[in-house]
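1. next input, structure requested:
(4 chains)
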There are 2 protein chains.
Amino acid sequence: MTNIRKVAEMAGVSVATVSRALKSPDVVSPETRERVLAAVERSGYRPNMTAVQFRSQRTRNLVVLVPTVANTFFARVISGIQEAASRQGYAVLLCNTMADEQAERDYAAMVTNRQADGIIQLRAFYPFDDQQSLDPLPMVNACEVMDDALCPRVHLDNRAAARVMTEHLVQLGHRRIGMIKGPRLSPLTRDRLRGYQEALEDAGIPPDEKLICPGDFSLASGYRAVASLLEQRQRPTAIFCENDEMAIGAIKRLKEAGLRVPEDISVAGFDDISFARYSDPPITTIAQPAEDFGREAVSLLVSMIEGTDVKRDARRTMPFELVVRNSTGPAPL
Amino acid sequence: MTNIRKVAEMAGVSVATVSRALKSPDVVSPETRERVLAAVERSGYRPNMTAVQFRSQRTRNLVVLVPTVANTFFARVISGIQEAASRQGYAVLLCNTMADEQAERDYAAMVTNRQADGIIQLRAFYPFDDQQSLDPLPMVNACEVMDDALCPRVHLDNRAAARVMTEHLVQLGHRRIGMIKGPRLSPLTRDRLRGYQEALEDAGIPPDEKLICPGDFSLASGYRAVASLLEQRQRPTAIFCENDEMAIGAIKRLKEAGLRVPEDISVAGFDDISFARYSDPPITTIAQPAEDFGREAVSLLVSMIEGTDVKRDARRTMPFELVVRNSTGPAPL
DNA sequence: CGAACCAATGTAACCGGTTACATCGACCAA
DNA sequence: TTGGTCGATGTAACCGGTTACATTGGTTCG
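-> Numbers count the residues shown, from 1 in each chain, chains lettered A, B, ... in the order given. Next up is the predicted model:
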């Protein structure tokens, strides 16, 4: 492996000059620079980045913790992150954690280890031990955010969005509106549920626990949840699913039961993933500027890393939009 | 930042003893070990991994280049990779490259840079300059493999799989079978196309260029391709899509044209992504052991890294399975 | 009793860059 | 002429671990 000393020898200069010729070309004379670059070229020299990182205490790497990269919503967030990061000269190291806390801690350690300069967490879990350390770690929480202000957060007003969706269903005349929830402990689920409940209350519709089904954001869980909703004495005329995958699973089960969507029953989703538009019928859902979540998170994180003052409890709320397609329609008489 | 010297001082031993107590506990006396571990505990010492990596020339990181992490097939491959890697003590750094060659080269440089020990490429592109270097770089190519034997490869016999699917359609009585291809330059597309053509030839069906449409694996491209197939004087009675996303897009367009699947026209996919089962109708497709692709790739890569002899042109061919669902049926009379 | 050996630990070189500080020669102004 | 300044470059310390080799003290055996 050719190192900086070999290059220095070839160019007939000191290692310091080689380093300078590569990192701050303007401080070496043009002739020397030429000579060094020629030697670099001839020797095929590539700096050993572990040495550079070790010495300079910077890596220009960002770690991103994603619960499931397969989720097309997260995929869009990721592409926003990558775009912004590469524009700012950072590489993105993606970690598909499957919501495993130990895996998240291990990857987060890359920051305390100095293998990465900062971390973006897309889940409501703080992966470090020192929750209250004085100098906040360079971390940003996006999408599903934590309640505690342990680091800057980029999020959606899930409560408001769920409320808008529920109001949409109410306006269509629905009064028995089922809900298929996301994972039990997710703040995202809690907020969407609250929005749904508030909208019902505003409309003077009494809450009904039996209409609220557990789910886990998977296609299969949407499918299963519908089975239990259909057993009810008085069936709902609309089902609000906390994400589009579950809506797709739900629709499948409804069709199997011989029900037409939306004539017999309406189904709403959340996220506006690409499959939502191609579903039969296309799904009414909440669209989020996913890429912007990523860009915003990177912008905050880079500010933290580069020393710009970012308040630990900074918070960016992103806009959402109700996208009405054909999976929702007037309540049957 | 507490370092090994501080810990050594606290424990009243030398830095070498601290290092040994942590890395090879059996060579230090139990009492000393206790003392060191206590000091580590009290000081909150965490080894600086950049120093460890720099010194030991190993990182225990694997880079994985994925064209699009959102693709649910790749997501399964990734989870196989992660499972196998973590079992062998390696961390996985995922890179969503969007098939951008420069991005792939940049991330691949992490290996030549020594920021990672090896790389798994899920696309048919060799991201290093020195194609013919004497000591092969620790790289494994999986899923969409290159024709040149530049590194070990883990792949599917796409030709055989496409042939099986086409034979399935022929057996159902179809003689005008359209095809929606994947990206132009992909070897995967070329092989699947060849399998399709061979099956037609075996069945004595003359080839018809007009039945072969370009696509790019996206939902939208499947949708668009069907539009052009429907313009044909004599419409196909079956369409073989090179992946499930395009099949879903195709079905949507067919329904919009008032055609029933599979009564009026059959549609087949490839990959068996989770949405395939939830489509209406569920899609007939080719299932691949996606997780095994990942596990196999890691196994080969780790062997290369750890010096076990792996032939540069090693090649593992994974099995596939025809999954018949309801999107294919007998050809209409 | 002394040589040989061994377990436990210490000393210090080393990995490959970066950079503070030193050095040197050219040029300029007093 | 001389002291000061400045641009270009060299010297060497340093980052924080790992590990070859040296050292020490105790035990075993001829």
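
2. let me see the domain layout of chain A.
-> As recorded under automatic domain parsing, the domains making up chain A are A:4-47, A:60-156+A:290-318, A:158-288.

3. between those, which gets nearest to residue B:239?
-> domain A:158-288 (15.5 Å; C-beta to C-beta). All C-beta spots, glycine's among them, are computed from the backbone N, C-alpha and C.

4. sorry, back to before: DNA strand C is nearest to which of the domains of chain A?
-> domain A:4-47 (2.7 Å; C-beta to the nearest atom of the strand).

5. does that closest one reach DNA strand D?
-> Yes: contact of domain A:4-47 with DNA strand D (C-beta under 7 Å from any atom of the strand) involves A:12-17, A:20, A:27-29, A:31-32.

6. and those residues as a markdown table, adding secondary structure and neighbour count?
-> Listed next are these as a markdown table, based on DSSP: H, G, I helix; E, B strand; the rest coil; neighbours: other C-beta atoms under 10 Å in any protein chain shown:
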| residue | secondary structure | neighbour count |
| --- | --- | --- |
| A:12 | coil | 11 |
| A:13 | coil | 18 |
| A:14 | coil | 13 |
| A:15 | helix | 14 |
| A:16 | helix | 11 |
| A:17 | helix | 20 |
| A:20 | helix | 18 |
| A:27 | helix | 10 |
| A:28 | coil | 20 |
| A:29 | coil | 10 |
| A:31 | helix | 8 |
| A:32 | helix | 17 |
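
7. now the residues you listed as TSV including pLDDT and distance to chain B?
-> Output for these, formatted as TSV (pLDDT from 0 to 100; distance: C-beta to the nearest C-beta, whole Å):
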residue	pLDDT	distance to chain B
A:12	94	26
A:13	94	23
A:14	94	22
A:15	95	16
A:16	95	19
A:17	95	22
A:20	94	20
A:27	90	25
A:28	92	24
A:29	93	29
A:31	92	28
A:32	93	25
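
8. nearest to residue B:120 among those?
-> residue A:15 (35.0 Å).

9. what sits closest to that closest one if chain neighbours are left out?
-> In space, and not counting its chain neighbours, residue A:15 is closest to residue A:8: 4.6 Å by C-beta to C-beta, 6 or more residues apart in numbering or on different chains.

10. how near is that neighbour to residue A:52?
-> Residue A:8 sits 16 Å away from residue A:52, going by C-beta to C-beta, to the nearest Å.

11. what's the answer for residue A:324, then?
-> In this view, residue A:324 and residue A:52 are 53 Å apart by C-beta to C-beta.

12. and if you look at residue A:308?
-> Computed with C-beta to C-beta, the distance linking residue A:308 and residue A:52 is 24 Å.

13. show me the contacts for the residue of the stretch 201-333 of chain A found nearest DNA strand D.
-> Closest residue of the stretch 201-333 of chain A to DNA strand D, C-beta to the nearest atom of the strand: residue A:305 (18.0 Å). For residue A:305, the contact set (C-beta atoms under 8 Å, 6 or more residues apart in numbering or on different chains) comprises A:117-118, A:138.

14. shaky segments in chain A?
-> Counting by pLDDT under 70, chain A shows low-confidence ranges at A:131-134.

15. can you name the residues of it that neighbour DNA strand D?
-> Contact residues, chain A versus DNA strand D (C-beta under 7 Å from any atom of the strand): A:12-17, A:20, A:27-29, A:31-32, A:54-55.

16. now the two most distant members of those residues.
-> Greatest spacing in the residues of chain A next to DNA strand D, by C-beta to C-beta: A:31 and A:54 (31.7 Å).

17. wait, residue A:147 touches residue A:187, no?
-> Yes: counting by C-beta atoms under 8 Å, residue A:147 does reach residue A:187; the two are 6.1 Å apart.

18. residues shared between the contacts of the two?
-> Common neighbours of residue A:147 and residue A:187 (C-beta under 8 Å, 6+ apart) are residue A:124.

19. sorry, back to before: quick one: which of the domains of chain A is nearest residue B:229?
-> domain A:158-288 (17.2 Å).

20. quick one: end-to-end length of that closest one, please.
-> Distance between the two ends of domain A:158-288: 10 Å, counting by C-alpha to C-alpha, to the nearest Å.

21. so how far is that domain off the chain centroid?
-> 22 Å (C-alpha atoms, centre = their mean, to the nearest Å).

22. that domain and chain B in contact?
-> Yes: against chain B, domain A:158-288 shows contacts by C-beta under 8 Å from any C-beta of the partner chain at A:219, A:223, A:248-249, A:251-252, A:255, A:274-275, A:277-278, A:280.

23. and those residues, which of them are buried?
-> Among those, those classed as buried by 16 or more other C-beta atoms under 10 Å in any protein chain shown are A:219, A:223, A:248-249, A:251-252, A:274-275, A:277-278, A:280.

24. all helices of the stretch 151-300 of chain A, in order?
-> With helices called from DSSP state H, counting those that start in this stretch, the stretch 151-300 of chain A shows them at A:158-171, A:187-202, A:219-230, A:244-256, A:274-278, A:290-305.

25. same thing with the stretch 1-150 of chain A?
-> Using DSSP H, counting those that start in this stretch, helices in the stretch 1-150 of chain A cover A:4-11, A:15-23, A:30-43, A:49-56, A:72-87, A:101-112.

26. how far off helix A:4-11 does the fourth one point, in degrees?
-> Relative orientation of helix A:49-56 with respect to helix A:4-11: 100 degrees, computed using axes from the mean of the first three to the mean of the last three C-alpha atoms, to 10 degrees.

27. buried set for helix A:49-56?
-> Neighbour-count burial for helix A:49-56 [16+ other C-beta under 10 Å]: A:49-54.

28. distance from it to the middle of the chain?
-> The chain centroid and the centroid of helix A:49-56 are separated by 30 Å under C-alpha atoms, centre = their mean.

29. elements contacting it?
-> helix B:49-56 (3 or more C-beta pairs under 8 Å, 6 or more residues apart in numbering or on different chains; DSSP states H and E).

30. what's the angle from the helix it packs on to helix A:101-112?
-> Interaxial angle, helix B:49-56 versus helix A:101-112 (the same axes, to 10 degrees): 80 degrees.

31. list of residues touching helix B:49-56?
-> Residues outside helix B:49-56 that contact it (C-beta under 8 Å, 6+ apart) are A:48, A:50-51, A:53-54, A:57, A:59, A:110, A:113-115, B:59, B:114-115.

32. what about it and DNA strand C, any contact?
-> Yes: counting by C-beta under 7 Å from any atom of the strand, contacts between helix B:49-56 and DNA strand C involve B:54-55.

33. by how many degrees do that helix and helix B:15-23 diverge?
-> Interaxial angle, helix B:49-56 versus helix B:15-23 (the same axes, to 10 degrees): 100 degrees.

34. about what we covered before: return the subset of the contacts of residue A:305 lying in strands.
-> residue A:118 (DSSP state E).

35. redo the residues of domain A:158-288 next to chain B as CSV? Include distance to residue A:159.
-> CSV is the format used below for the residues of domain A:158-288 next to chain B (distance: C-beta to C-beta, whole Å):
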residue, distance to residue A:159
A:219, 25
A:223, 27
A:248, 24
A:249, 24
A:251, 25
A:252, 29
A:255, 31
A:274, 26
A:275, 25
A:277, 26
A:278, 29
A:280, 30
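
36. count the residues that sit near the residue lying closest to residue A:89 once chain neighbours are set aside.
-> Closest residue to residue A:89 apart from its sequence neighbours, by C-beta to C-beta, 6+ apart: residue A:60 at 5.9 Å. Using other C-beta atoms under 10 Å in any protein chain shown, residue A:60 has 16 other residues around it.
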